[in-house]
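Trainee: no sequence on this one, just coordinates:
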């Protein structure tokens, strides 16, 4: 008798976890500009819950497949939709249009990558590090060796939530240690956010990526910004630094992300032709290619054709309502189809090569918005909102970016989950159904979560109403790129410098690859650091440094298999989830009471308390990562 797999309880639990992880990652992404892969946390949580009802391994895999979609859907939404608010096209997150844009993009991501399963997973030789790691976690847990994982993750959740309560609720510690000075007539500014979530992100991505994020931040804030910032009489040095970053130097990240994303597409050009043939053969057009669908294993070609047609029709309807039916709205649908397919193929291959967390979502979205903006400019769309109340050109470009960004994020996640299922003996079509369920569940909750965060915190630059907003770095970047193309206001000199830096890191990465070096320099990691505030990059680097020492300790031991890297990963996932959920809870409290001031008590926020919190979290991550247990070869990593 075959083990239970696509059960009702697995589908319901997967949908609930997808919605929960989507909300948590929405907060994290708006705060830090990156989200964290949800596959392993979802696997561990569902493992603990299903054990009470004697759930099996394959049932557990269905839960994590559905749940992991929540993080990817959140990434697609928060990297783009807040840009519509920043551009003034939206004043709130309309529920229907949010569901249409994000939901259609997510479903397209599933459809575009399913035909690649046999080519990249069954017949291919790609390592799929995150898929393998997820499968190992599930096998270890069901073999009886995964006991401490849930407790460690819950402990991290408590610590992350408590830290957020002390900072954002009670106001006992400062959220950031920062300062700025004039040295030799130049502005020097630095800072470090006291965020357990950011420290955990650094630990999870590992030393290589974390140090590149810091390197990008140091290049911007210590090498470029001091020669750019001008100190006005009414401004302090720190304020001048922030002004220069906002107006000019963050566009270093624009140039670097654009080149990084296009470079990733160029590197995978040989795969794109094959992927196009596979998708056409899957829906009954052309001959069956190397990838294709396997009858009885994948969703049928008719199912894929139906989903594809439905998504394109609802997108056409949405675009027609927002910008008017005609050539521009049809062009937007065609752009979603073409760029969505290309970048989903890239995402699927990247998931197999280095994991879905290194899926260049930000870079390909910027490339999509640039292509769309230039197309709409050619078609005569305006840079400002028309008198008829329709969307402006920049806002229309964001619509396409939202669908494609979500599709690319889901594409990488789908391939990762199908690899884990392949190793566990799961039924691919059942996982594909679970992935669709996860997409729909996450999409259903995002609009109210985004609206709550907008009402309480605000997005982008500080204002009198929202002095400490969620910076929404990716969405701010997308809005700047789209409006800059139409208005000709992009600081092209800074973008060009960023592009040159990305080319340099591409060349360095190629040289390191030829030498067989373990340390690599993917330009997109540096680009993230170039764009983010230094106060975000520093805690990420500190977490990565802890991961470096944990890994070094593991290698130096006589029996390295006794160190269990999952526990550090799970503590980090708990820290992120706890801080994010408490942040949403405080936002809900403020929404009901008008503010969180009713919770504040005690003295002025303490810098020493902030420093102590950072040290405690770093020590906890180091302790958890060094605990004995069955070792795994890989760890899950976040998306950006």
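Mentor: Alright, I've got the coordinates. Not measured: the values here are computed from a predicted model. Numbers count the residues shown, from 1 in each chain.
Trainee: Tell me both backbone torsions, phi and psi, for residue 55.
Mentor: phi -70, psi 150 (degrees, to the nearest 10).
Trainee: for it, what are its contacts?
Mentor: 4, 9, 10, 46, 49 (C-beta atoms under 8 Å, 6 or more residues apart in numbering). For the C-beta atoms, the positions are set from N, CA and C on the backbone; glycine is no exception.
Trainee: do residue 437 as well
Mentor: By C-beta under 8 Å, 6+ apart, the residues touching residue 437 are 11, 14, 15, 18, 66, 69.
Trainee: returning to that earlier point: please check the contacts of residue 55 and keep the buried ones.
Mentor: Buried residues within the contacts of residue 55, counting neighbours by 16 or more other C-beta atoms under 10 Å: 10, 46, 49.
Trainee: of the residues you listed, closest to residue 259?
Mentor: Top of the list for closeness to residue 259, among the buried ones among the contacts of residue 55 and by C-beta to C-beta, is residue 46 at 39.7 Å.
Trainee: Not counting sequence-adjacent ones, nearest residue to the closest one?
Mentor: Of all residues not flanking residue 46 in the chain, residue 63 sits nearest, at 3.8 Å (C-beta to C-beta, 6 or more residues apart in numbering).
Trainee: hang on, that neighbour packs against residue 42?
Mentor: Yes: with contact defined as C-beta atoms under 8 Å, residue 63 reaches residue 42; the gap is 6.6 Å.
Trainee: So for the two, which residues contact both of them?
Mentor: In terms of C-beta under 8 Å, 6+ apart, residue 63 and residue 42 are both contacted by the residues 14, 17.
Trainee: Now the phi/psi pair for residue 182, please.
Mentor: Torsion angles, degrees, to the nearest 10, at residue 182: phi -90, psi 120.
Trainee: From residue 237, how far off is it?
Mentor: Noted for residue 182: a distance of 5 Å to residue 237, by C-beta to C-beta, to the nearest Å.
Trainee: now swap in residue 155 and tell me
Mentor: As for residue 155, its distance to residue 237 is 40 Å (criterion: C-beta to C-beta).
Trainee: which residues make contact with stretch 249-257 from outside it?
Mentor: 216, 219-221, 224-225, 228, 362-363, 366, 477, 480-481, 490-491, 494-502, 523-524, 526-528, 530-532.
Trainee: Among these, which lie within helices?
Mentor: Using DSSP state H, the subset of the contacts of stretch 249-257 located in helices is 216, 362-363, 366, 477, 480-481, 494-502, 523-524, 526-528, 530-531.
Trainee: next SSE after the helix ranked longest in the chain?
Mentor: Counting residues, the longest helix found in the chain (DSSP H) is helix 393-424. Sequence order places helix 428-456 as the next helix or strand after helix 393-424, per DSSP states H and E.
Trainee: Report the buried residues of that following helix.
Mentor: Buried residues in helix 428-456, counted by 16+ other C-beta under 10 Å: 428-447, 449-454, 456.
Trainee: just to revisit the earlier point, mind giving me TSV with the buried ones among the contacts of residue 55 and columns for secondary structure?
Mentor: Compiled in TSV, the buried ones among the contacts of residue 55 are given as follows (DSSP: H, G, I helix; E, B strand; the rest coil):
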residue	secondary structure
10	helix
46	helix
49	helix
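Trainee: Surely residue 458 and residue 470 touch.
Mentor: Yes: assessed by C-beta under 8 Å, residue 458 is found in contact with residue 470 at 7.2 Å.
Trainee: Okay, strands next: where are they in this structure?
Mentor: With DSSP state E as the criterion, the chain has strands at 176-183, 186-193.
Trainee: Quick one: mean pLDDT for the first one?
Mentor: Same thing as strand 176-183. Confidence over strand 176-183 (mean pLDDT, whole number) is 82.
Trainee: what angle do that strand and strand 186-193 make?
Mentor: Angle, strand 176-183 to strand 186-193, by axes from the mean of the first three to the mean of the last three C-alpha atoms, to 10 degrees: 170 degrees.
Trainee: Would you mark the buried spots in strand 176-183?
Mentor: Residues of strand 176-183 classed as buried by neighbour count (16+ other C-beta under 10 Å): 176, 177, 178, 180.
Trainee: any low-confidence regions in the stretch 301-450 of the chain?
Mentor: Low-confidence segments of the stretch 301-450 of the chain, defined by pLDDT under 70: 350-360, 363, 382-391.
Trainee: ok so, going back, include distance to residue 208 when you put the strands of the chain into a markdown table, please.
Mentor: Below are the strands of the chain laid out as a markdown table (distance: least, C-beta to C-beta, whole Å):
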| stretch | distance to residue 208 |
| --- | --- |
| strand 176-183 | 26 |
| strand 186-193 | 21 |
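Trainee: lowest average confidence, helix or strand, in the chain?
Mentor: Lowest by mean pLDDT, DSSP states H and E among the helices and strands of the chain is helix 269-282, with a mean of 60.
Trainee: so what's residue 81 up against?
Mentor: Under the criterion of C-beta under 8 Å, 6+ apart, the neighbours of residue 81 are 90, 93, 98, 101, 102, 398, 402, 450, 475.
Trainee: and if we set it to 10 Å?
Mentor: By C-beta atoms under 10 Å, 6 or more residues apart in numbering, the contact list for residue 81 reads 26, 90, 93, 97-98, 101-102, 398-399, 401-402, 405-406, 446-447, 450, 472, 475, 478.
Trainee: Check it and give its pLDDT.
Mentor: 91.
Trainee: gap between the closest residue in space to residue 373 that isn't next to it in sequence and residue 397?
Mentor: Nearest residue to residue 373 in three dimensions, chain neighbours excluded: residue 485, at 3.9 Å (C-beta to C-beta, 6+ apart). To residue 397, residue 485 is 8 Å away according to C-beta to C-beta.
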